[in-house]
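> Return a 3D structure for these sequence lines:
(chains A, B, C, D, E and F)
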Number of protein chains: 4
Amino acid sequence: MARPDTVTRILDTAEVLFAEKGFAETSLRNITTRAKVNLAAVNYHFGSKKALIQAVFARYLDPFSERLNLALDGLEARYRNGGVPLEVLLEQLATSVLEVPAERNSLKVFMKLLGLAYTQAQGHLRRYIQEHYGETFHRFVRCLRLATPDLPDAERFWRLHFMLGTVIFTLSGLDALRDIADSEYQEHMSVRELIRHLRPVVVAGMQAPLPASLEKVGSAVE
Amino acid sequence: MARPDTVTRILDTAEVLFAEKGFAETSLRNITTRAKVNLAAVNYHFGSKKALIQAVFARYLDPFSERLNLALDGLEARYRNGGVPLEVLLEQLATSVLEVPAERNSLKVFMKLLGLAYTQAQGHLRRYIQEHYGETFHRFVRCLRLATPDLPDAERFWRLHFMLGTVIFTLSGLDALRDIADSEYQEHMSVRELIRHLRPVVVAGMQAPLPASLEKVGSAVE
Amino acid sequence: MARPDTVTRILDTAEVLFAEKGFAETSLRNITTRAKVNLAAVNYHFGSKKALIQAVFARYLDPFSERLNLALDGLEARYRNGGVPLEVLLEQLATSVLEVPAERNSLKVFMKLLGLAYTQAQGHLRRYIQEHYGETFHRFVRCLRLATPDLPDAERFWRLHFMLGTVIFTLSGLDALRDIADSEYQEHMSVRELIRHLRPVVVAGMQAPLPASLEKVGSAVE
Amino acid sequence: MARPDTVTRILDTAEVLFAEKGFAETSLRNITTRAKVNLAAVNYHFGSKKALIQAVFARYLDPFSERLNLALDGLEARYRNGGVPLEVLLEQLATSVLEVPAERNSLKVFMKLLGLAYTQAQGHLRRYIQEHYGETFHRFVRCLRLATPDLPDAERFWRLHFMLGTVIFTLSGLDALRDIADSEYQEHMSVRELIRHLRPVVVAGMQAPLPASLEKVGSAVE
DNA sequence: GATGAATGAGTGTTCATTCAT
DNA sequence: GATGAATGAACACTCATTCAT
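Predicted coordinates:
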């Protein structure tokens, strides 16, 4: 069948437009027009715009979390005594991230979507992601804990999000940055390469010394 | 005058709403209703919603870039021969960021706005920021270059954005993260404190070893 | 067969929803979803929503008009010379009304539907009812004429509709009224009881003195 | 100014269409198109369709309840000791009803609206009417109580609604009934005349004997 | 200098109906 | 005999913007 079915066409179009313009700026008419599909088809197949957004995420996050879980199974088996080393853990995370879009659409879209999930999640999406993928995330956090036993829990929490910020922020805004880099430094950076460059930075960040103990700061800002 | 004038009231309200909900999700009605101002006042005083958005940014970025320029003047004078050390440079950046909201509204809003500028900038805003603050940004980049002479230019470019990702991403999503952290680790993190924790991570990231030389990667993803 | 067939399930569900919310506010999706039946089934089995509405009425009015006809046969045979007395006639009408729902669903639904027929009938329903049950109605009117020989024809016409108004209006809005009555007067009124209370009022209305002859009224309103 | 303002035009058009077709069957497009007004004007001036419906009712019920209150003031002053006689009370009610449309649009519309309020009120309208006119209604009920001291409270409650059914039902469906009556009895009935005919029926209904005491009825229907 | 009124374009959603299978 | 998919039309409502005053 040459022409993919309506549901797929809607999802394919929606994820691209969401990635390009965000949720609010992408109207259902945008999507259905470009997908050459009837306007009512979205509500027929998904029920609402919110449900469509969730479906778009599910198509990436379902295989991703499944793969990551399998990979963690393997790593935990291999490093039965003592935790998985930090580098290996992060390497595996990167690998899992890279694998998903290979069979789906594009890594860039995936990263943009992750960025949106953080910055535009209007509640319903945050809830959806937590409900469906929270367990996998917590499993990863537990592994990370074993890999960084010297880090206080709270510190690890923040550093994990520092790291997520680095990665998601960079990869989700990749196009704009690459345009600048291309013109200024004459070397085109592929996503794979960018990840190679991210790795030492992330590792160094996770292993950075703890901040100097708090001498009283003048006045709290808020 | 007890009641601030219309323009100020609009700006004060708009920045809060933009920070909370983004640009598209914040309607002029939202703003004018909450500001207790006539609906047409925005278009009257600013011309358009886009111009209002720019005005909101200008109110933060104008004093910020001015302060940063002054500070760099001082640092360059002090470290006349040889560049400003990396830690000092970053420290100054943090200080300048922290100073602005002290006289304006709130650091949280400032950070949220910076996050929006990256993730929701619809072209007009990106252009506006580049035009008005590009020069200051480049000056900072030049200082950074002197501070990290061993880093290849392209590598520095990317690491700078890694760092920006870390900071902006974390600070702009601070509320949600702090909620989680509060409940799980019983210690409330102020913005000042968070910046104290960010510093070693950012420094370590900038000084991380270069990635291992590129052995041929299987297949480029895109 | 434990599970009634599709047609019946649709009718059973539709009559309840129509009675609760009216025709326009009840969508075919409402009906088919609640009846656990395919959305297209209504159009398949009935042809259109209008035809479904008519079918719902027919399921009540067919047995009703048949019973009333039979009852009138009996009464006319008994009171061969001279008409059927008014009280007997009205009593028979009430009896016939009460019998139908006994074998169908509920009197409340029947009454609500009659109310809808008057207040929401969009033409097609009015026509349908006139065509199918007009003859029986006229037969009843003829009997009523014999029972109230002193009433001018036009007066009888209007009083009949006054009476219908009283009955249908009260019974079709019964739930709301009963709620109020329950809370204010601590006595719950069953439909049967309500009909007992209606009877003397209806009889008195039909037998009320004629209005005083028309002395010229100031100005006609329309 | 020959052309009435937008708000009035909307209300004038809406009340006619609501009266003709009901609330659900009347779309805002219907209204705005016929009123030659922009579609968004309804939401601009009234906020929502529900609010428009309420405004339509208020334009009739506000002057009506005000007039009725004044009239009851007068009657209570005149019949200081002992209540207002039933005939006088009902006469006054009829007079008040007739007065309102004289200065507004049409009695027919008023009656249709009252019918809709009973049969299509979707909650918000019922609540609105109760809130705004409940007190006046209760005052009238108190007067009615003095006028019919021999009637048990519950019985009076039901008879009041029997009477309301008679009146509203007849007047709100007047057009259809009048068409039939015209063709069959060659005498056209004006609203004023109809009310003259209603009076003895209503009075007789209110004064009808109480129902025979309840001999056990076979089986309760529901 | 400022605003109430108005507007055309657009939003997500729901509708009864159709049709290929 | 029955249904999942699809559709065109319509829905109430919101939007940023304009304009006469």
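
> Which phi and psi values does residue A:96 adopt?
Dihedral pair for residue A:96: phi -60, psi -40, per degrees, to the nearest 10.

> pretty sure it is touching residue A:66, no?
No - using Cβ atoms under 8 Å, residue A:96 is not in contact with residue A:66, being 9.5 Å away. Using the backbone N, CA and C atoms, a C-beta is placed for each residue, glycine as well.

> Please say which of these two ends up with more neighbours.
residue A:96 (20 against 13; other Cβ atoms under 10 Å in any protein chain shown).

> how much space is there between that one and residue A:48?
Using Cβ to Cβ, to the nearest Å, residue A:96 is found at 30 Å from residue A:48.

> secondary structure element for the closest residue to residue A:188 other than its chain neighbours?
Sequence neighbours aside, residue A:182 is the residue nearest to residue A:188 in space, at 5.7 Å (criterion: Cβ to Cβ, 6 or more residues apart in numbering or on different chains). Per DSSP states H and E, residue A:182 falls inside helix A:174-185.

> which secondary structure elements does that helix contact?
helix A:107-119, helix B:153-172 (3 or more Cβ pairs under 8 Å, 6 or more residues apart in numbering or on different chains; DSSP states H and E).

> The last one and chain A, any residue contact?
Yes - counting by Cβ under 8 Å from any Cβ of the partner chain, contacts between helix B:153-172 and chain A involve B:153-155, B:157-159, B:161-170, B:172.

> Would you mark the buried spots in that helix?
B:155-172 (16 or more other Cβ atoms under 10 Å in any protein chain shown).

> could you point out where chain A is predicted with low confidence?
A:1-4, A:102-105, A:121, A:213-222 (pLDDT under 70).

> Just give the nearest non-adjacent residue to the spatially most central residue of it, would you?
Per Cα atoms, centre = their mean, the C-alpha nearest to the average position across chain A is that of residue A:114, at 3.9 Å. Once flanking residues are discounted, residue A:114 sits nearest to residue A:168: 5.1 Å by Cβ to Cβ, 6+ apart.

> OK, contacts around the one you found?
Shown in contact with residue A:168 (Cβ atoms under 8 Å, 6 or more residues apart in numbering or on different chains): A:111, A:114, A:115, A:118, B:165, B:169.

> Correct me if wrong: the fifth one contacts residue A:169.
What it means is residue B:165. Yes - if you go by Cβ under 8 Å, residue B:165 and residue A:169 touch, sitting 2.9 Å apart.

> For the helix or strand hosting residue A:193, which outside residues touch it?
In the assignment (DSSP H and E), residue A:193 maps to helix A:191-206. Identification of contacts with helix A:191-206 by Cβ under 8 Å, 6+ apart yields A:86-87, A:90-91, A:94, A:98, A:107-108, A:148, A:151, A:159, A:162-163, A:166-167, A:170-171, A:174, A:189, B:155, B:158-159, B:162, B:166, B:201-202, B:204-205, B:207-212, B:214, B:217, B:220-222.

> For that helix, what is the distance to the chain centroid?
15 Å (Cα atoms, centre = their mean, to the nearest Å).

> again with stretch A:175-186
22 Å.

> same check, this time on stretch A:120-136
That offset, for stretch A:120-136, works out to 12 Å (Cα atoms, centre = their mean).

> Against residue A:202, how distant is residue A:167?
7 Å.

> check which helix or strand covers residue A:136.
Short version, using DSSP H and E: residue A:136 is in helix A:124-147.

> Quantify the burial of residue A:149 by counting its neighbouring residues.
9.

> mind checking the SS state of the nearest residue to it once chain neighbours are set aside?
Nearest non-adjacent residue to residue A:149, counting by Cβ to Cβ, 6+ apart: residue A:83, 7.5 Å away. With DSSP: H, G, I helix; E, B strand; the rest coil as the basis, residue A:83 sits in coil.

> can you count the residues close to residue A:83?
Residue A:83 has 18 nearby residues by other Cβ under 10 Å.

> likewise residue A:48?
12.

> helix or strand for the residue of chain A found nearest chain C, which one?
Residue nearest to chain C within chain A (Cβ to the nearest Cβ): residue A:44, separated by 10.3 Å. Here residue A:44 sits within helix A:40-46, counting by DSSP H and E.

> residues in contact with that helix?
With Cβ under 8 Å, 6+ apart, helix A:40-46 has contacts from A:6, A:7, A:10, A:28, A:31, A:32, A:49, A:52, A:55.

> The residues you listed: which two are farthest apart?
Spanning the widest gap among those are A:6 and A:49, at 16.2 Å by Cβ to Cβ.

> longest helix in chain A, by residue count?
The single longest helix within chain A, with elements called by DSSP state H, is helix A:49-78.

> and the angle for that one with helix A:107-119?
Angle, helix A:49-78 to helix A:107-119, by axes from the mean of the first three to the mean of the last three Cα atoms, to 10 degrees: 110 degrees.

> And DNA strand E, is helix A:49-78 touching that?
Yes - with Cβ under 7 Å from any atom of the strand as the measure, helix A:49-78 is seen reaching DNA strand E through A:49, A:50.

> does chain B sit close to that helix?
No - applying Cβ under 8 Å from any Cβ, one finds helix A:49-78 separated from chain B by no less than 13.1 Å.

> Show me what that helix is packed against.
helix A:6-21, helix A:28-34, helix A:40-46, helix A:86-103, helix A:107-119, helix A:124-147.

> Pick out the residue of chain A closest to DNA strand E.
Closest contact between chain A and DNA strand E, by Cβ to the nearest atom of the strand, is at residue A:27 (2.9 Å).

> Torsion angles phi and psi at that residue?
Taking degrees, to the nearest 10 as the convention, residue A:27 sits at phi -90, psi 160.

> That one: neighbouring residues, count only.
13.

> how close does it sit to residue B:116?
Taken as Cβ to Cβ, the span from residue A:27 to residue B:116 is 20 Å.

> The residue lying closest to residue A:136 once chain neighbours are set aside and residue B:208, how far apart?
If the residues on either side of it in the chain are set aside, residue A:136 comes closest to residue A:65, at 4.2 Å by Cβ to Cβ, 6+ apart. Counting by Cβ to Cβ, the gap from residue A:65 to residue B:208 is 29 Å.

> and what of residue A:137?
Where residue B:208 is concerned, residue A:137 sits at a distance of 25 Å (Cβ to Cβ).

> Of those two, which one has the most company?
Taking other Cβ under 10 Å, residue A:137 and residue B:208 do not tie; residue B:208 has more neighbours (23 against 14).

> what secondary structure does that one sit in?
coil.

> same question, residue A:189
Residue A:189 - assigned by three-state DSSP - is coil.

> I'd assumed residue A:175 was in contact with it.
No - using Cβ under 8 Å, residue A:189 is not in contact with residue A:175; the gap is 11.4 Å.

> out of these two, which sits in the more crowded spot?
residue A:189 (18 against 11).

> so what's that one up against?
Residue A:189 neighbours (Cβ under 8 Å, 6+ apart): A:178, A:181, A:197, B:154, B:158.

> how about the nearest residue to the first one, chain neighbours excluded?
Right, the one you point to is residue A:178. residue A:189 is the one closest to residue A:178 (Cβ to Cβ, 6+ apart), at 6.0 Å.

> again, but for residue A:57
Nearest non-adjacent residue to residue A:57 (Cβ to Cβ, 6+ apart): residue A:113, at 6.3 Å.

> Please determine how far that neighbour is located from residue A:59.
Distance from residue A:113 to residue A:59, by Cβ to Cβ: 10 Å.

> Need the overlap of contacts for the two.
residue A:15.

> ok, residue A:70 to residue A:192 distance?
Residue A:70 is 22 Å from residue A:192, by Cβ to Cβ.

> Looking at the two, which has the bigger crowd around it?
Shown here are residue A:70 and residue A:192; by other Cβ under 10 Å, residue A:192 has more neighbours (17 against 11).

> Residue A:29: how many residues sit nearby?
So residue A:29, with other Cβ under 10 Å, has 10 neighbours.
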